[in-house]
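Chemist: Need coordinates for the following:
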Amino acid sequence: ISIPSLVSEIGNEAFYNCSNLENITFEEESNLSIIGNSVFYGCFKLKSISIPSLVSEIGNEAFYN
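Modeler: The predicted model follows:
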């Protein structure tokens, strides 16, 4: 999945239990500042994510399981 640079927040449980999700990429000059609660909860196959530098908040259990 590629997250566009205009996205500033990934809401709670946005990718909850997306068990086949393997990679997350962010477009250059990402404006992402918030990763909500349980966003990647249950994404067992997630192998790669590079958190953009503007992220100032990562919610509870964002990467649980």
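Chemist: Ramachandran angles for the residue nearest to Ile35 when sequence neighbours are not counted?
Modeler: Take Ile35 and drop its neighbours on the chain: the residue closest to it by C-beta to C-beta, 6 or more residues apart in numbering is Ile58, 4.8 Å away. To be clear about C-beta, it is placed using only N, CA and C from the backbone, and glycine gets the same treatment. Backbone dihedrals for Ile58, given as degrees, to the nearest 10, come out at phi -120, psi 120.
Chemist: Quick check: Ile58 touching Ser33?
Modeler: No. Under the criterion of C-beta atoms under 8 Å, Ile58 is not in contact with Ser33, lying 10.5 Å apart.
Chemist: quick one: the helices in the protein?
Modeler: Counting by DSSP state H, one finds no helices in the chain.
Chemist: quick one on the thing from earlier: how many neighbouring residues does the residue nearest to Ile35 have?
Modeler: A count of neighbours around Ile58, defined by other C-beta atoms under 10 Å, yields 15.
Chemist: Ok, Ser19 next?
Modeler: Here the count is done by other C-beta under 10 Å, and Ser19 has 10 residues near it.
Chemist: hang on, it packs against Gly42?
Modeler: Yes. Taking C-beta under 8 Å as the contact criterion, Ser19 and Gly42 are neighbours in contact, 6.5 Å apart.
Chemist: Would you mind listing the buried residues in stretch 28-36?
Modeler: Neighbour-count burial for stretch 28-36, counted by 16 or more other C-beta atoms under 10 Å, picks out 30, 32, 34-36.
Chemist: Need the pLDDT of the nearest residue to Phe44 once chain neighbours are set aside.
Modeler: Excluding the flanking residues, the one nearest Phe44 by C-beta to C-beta, 6+ apart is Ser19, at 5.5 Å. Ser19 is assigned 91 on the pLDDT scale.
Chemist: Can you tell me how far Ser19 is from Leu46?
Modeler: Relative to Leu46, Ser19 is positioned 10 Å away (C-beta to C-beta, to the nearest Å).
Chemist: what sits in contact with each of those two?
Modeler: Applying C-beta atoms under 8 Å, 6 or more residues apart in numbering, one finds that no residue jointly contacts Ser19 and Leu46.
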